[in-house]
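Participant: Would you be able to build a 3D model of this:
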Amino acid sequence: MKKFSLVLGFMLMMLLAFSTSLMAANQIVTSTANSGAGTLRQAIADVSDGGTITFNITGSDEIIIESELSIITNTKGMTINGYNNATGNNVTVQVPIQGWVDPSRFRVFNINATSQTFNFSNMTIKGGDIYGNTYWSGGGIFLEAGTLSLDTVTISGSIAKYGGGIYNAGTLTMTNCTVSGNYSFTSGGGIFNGATLTMTNCTVSGNYSSQRGGGIYKGQAILTMTNCTVSGNLAGWEFNAYEGGGLYAAYSHGNPLFITNCTFANNSAPNAHGGGIYLTGSSSTTHLYIKNTIIANNSAEEDYTPDFYIDDGTVYNNGYNIVETQNGSDFVNGTNGCIVGVGDYNLSTTLNDNSTLNGTKTLRTTDGSVAIDAGTNVQGDHPVAIPTTDQRGAGRNGTLDIGAYEWWDNVGSLSVVLSTFTAQFIENTPTLYWETQSETDNMGWFVYRNSEEDFTTSEKISEFINGHGTTTQQQSYIYEDRIQNPEVGDTYYYWLESIDYSGTVNHYDRVAILTIPHNSNSGNNLVPVPERFGLLQNEPNPVIHFTRIAFNLTESAMVDLNVYNIKGQLVKTLYSGVTSKHTVMWDGKDESGKELENGVYFYNMIVDGKVAETKKLILMK
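Facilitator: Model prediction:
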């Protein structure tokens, strides 16, 4: 008996340890405090390798730290998703005192984790002043080692000697990010890149360096920029003659600089050359590859070169660039699609949202700009693929424009803002669902399908589907693909085409992918309906205010009636009990009483622990 008790005790201890490790895998931040249970600092310490930190903070989105958040480890990576589920906003992680008067003298994030990967998303990193400290790089983020991915992150109001906002010595990828209002006492007001940096759909604006690289400083490093806007940055303190208001690219030692569909405008080097871009080093070590890019409306010292200045290096001009001024002859007007020193740019001097889909601001072009329809979607010898959308996420309006912005009209609207496009196998039928956030002159849609991920060889499978003309309200669409005899394991790719009232056709880069499941998993991966069970279609459908959902069984059983969103997440339990029939009214709210977003939802009936039937409904309040 004693031996049995010892064994049982050991098993309980192991079970407890195992359950504790599972709980530690992911962490939820519930407090805005600097430290202690439920805080971000504690979550970083407790999260397991590869785990995720999420936020559920009631009443606030601001987390004020009293010392830097250090991630110095070679044993674990992590994901931090800053979307606050309690408020529906992104969190802000900031220091207590920002600015120039007695600021908090520490950075926000310090990451030193060789061979580890980190993913930060949906947050603002604010403040941080590391100037004067022993390690004085990266006021907002100091990536000393490791791999970091930033998605929908804003870094602002940070100060350092090198890299006011970010100092990168690892592998950094930035997507849909904004770096603004940061300051460097030496180089890289916004970003100092000393390793590998890839930027897509990013805005670097209003940063300042007392010396080189007001927006970005590129050292012996690789920098890839696609669909980025660099605007309103400044290099040079008072009478100090320093260059590169937007970008300073120094000795690269063979590490190249790739610029594709970017806009460098309204930057300044008031006491030197190269208000837009300054390139230096040597022809054998500093290499710039550039295509479909605007470098214009920048400023420099009087009688100096304000836009593009090359001190030394090699420019691989891959064509279709707009350069207002240059000191050399790397860009020739009329050659290889380049526009040099001529024409009207009609380029905004201020950044605006311009109906952005990702939160970044851009410089709008207006009718008559030489950038409109002057680019190319042919990659050719350029090492980087040409983006199929502009920085905002807008599709191409005919021939691709030069720069980060695609012109649709003079007020920055989009023809159709597509926010969701998914494919599900429901009731043995491939079912497509898409949402638009707004539509302008949208006459309607066609759906295309292919068995390969290649739109050019796809076939049009739908009749014309009417659009909603011009609207700023969210709209939902459903299309059922009545494909004949789909085989289990077959994969299909779907695309959308919209047509406006002028006849302009727009194809969307987003693809919906569906693999036909096994018969036992048809109907949204749920077990087929036994004939003796009956779950009725809700009425009315779509749901405007309330809807009635009912079921009938041949005999009493334990029944659960649940509603799920399109991601398969449970949002509401409508009934749970023993019965043979039941009717319930649902108001479109979740378990907490919160109104759910419009869209497609699924409801199922679980009988004696087994899924019996699933149906779909549309919520359109």
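Participant: Point out where the stretch 351-500 of the chain drops to low pLDDT.
Facilitator: For the stretch 351-500 of the chain, the stretches flagged by pLDDT under 70 are 472.
Participant: try it again with 80
Facilitator: 395, 413-420, 426-428, 437-438, 471-474, 485 (pLDDT under 80).
Participant: Would you map the helices across the stretch 251-400 of the chain?
Facilitator: Along the stretch 251-400 of the chain, counting by DSSP state H, counting those that start in this stretch, no stretch forms helices.
Participant: ok, now the chain?
Facilitator: 2-25, 40-46, 522-525 (DSSP state H).
Participant: For Lys361, list the residues it contacts.
Facilitator: Thr178, Thr203, Ser205, Thr229, Leu351, Asn352, Asp353, Asn354 (C-beta atoms under 8 Å, 6 or more residues apart in numbering). (Glycine included, C-beta is placed from N, CA and C.)
Participant: is the third one in a bridge, and if so with what?
Facilitator: Pointing back at Ser205 there. Ser180, Ser231 (DSSP bridges).
Participant: What is the neighbour count of it?
Facilitator: With neighbours defined by other C-beta atoms under 10 Å, the count for Ser205 comes to 24.
Participant: top of the contacts of Lys361 by neighbour count?
Facilitator: Thr203 (30 neighbours).
Participant: Surely that residue and Leu351 touch.
Facilitator: Yes: Thr203 lies in contact with Leu351 (C-beta atoms under 8 Å); the separation is 6.8 Å.
Participant: list the residues that contact both of these two?
Facilitator: Thr229, Ser231, Lys361, Thr362.
Participant: hang on, the earlier thing: list just the nearest of the contacts of Lys361 to Asn119.
Facilitator: Distance to Asn119 across the contacts of Lys361 (C-beta to C-beta) is lowest for Thr178, with 17.6 Å.
Participant: mind checking pLDDT for the closest one?
Facilitator: Per-residue confidence (pLDDT) for Thr178: 98.
Participant: again with Val505
Facilitator: 84.
Participant: If the residue lying closest to it once chain neighbours are set aside is in a bridge, with which residues?
Facilitator: Once flanking residues are discounted, Val505 sits nearest to Ile499: 5.5 Å by C-beta to C-beta, 6 or more residues apart in numbering. Using DSSP bridges, the bridge partners assigned to Ile499 are Gly444, Val505.
Participant: distance of Ile499 from Lys460?
Facilitator: Plainly put, Ile499 is 12 Å away from Lys460 if you go by C-beta to C-beta, to the nearest Å.
Participant: the more surrounded of these two?
Facilitator: Set Ile499 next to Lys460 and count neighbours by other C-beta under 10 Å: Ile499 wins out with 19 against 12.
Participant: Can you name the residues bridging to the closest residue to His273 other than its chain neighbours?
Facilitator: Spatial nearest neighbour of His273, chain neighbours left out: Tyr309 (4.0 Å); criterion: C-beta to C-beta, 6+ apart. With DSSP bridges as the criterion, Tyr309 is bridged to Tyr278.
Participant: List the residues that contact Tyr309.
Facilitator: Tyr309 sits in contact with Glu243, His273, Gly274, Ile277, Tyr278, Leu279, Ala300, Gln326, Asn327, where contact means C-beta under 8 Å, 6+ apart.
Participant: Which members of the shared contacts of Thr203 and Leu351 are positioned in strands?
Facilitator: Under the assignment DSSP state E, the shared contacts of Thr203 and Leu351 contribute Thr229, Ser231 to strands.
Participant: Among the shared contacts of Thr203 and Leu351, which one lies nearest to Gln27?
Facilitator: Nearest to Gln27 among these, with distances taken as C-beta to C-beta, is Lys361, at 32.5 Å.
Participant: where does the residue nearest to Phe258 when sequence neighbours are not counted land on pLDDT?
Facilitator: The spatial neighbour of Phe258 that comes closest, neighbours along the chain excluded (C-beta to C-beta, 6+ apart), is Thr224 at 4.4 Å. Looking at Thr224, its pLDDT reads 98.
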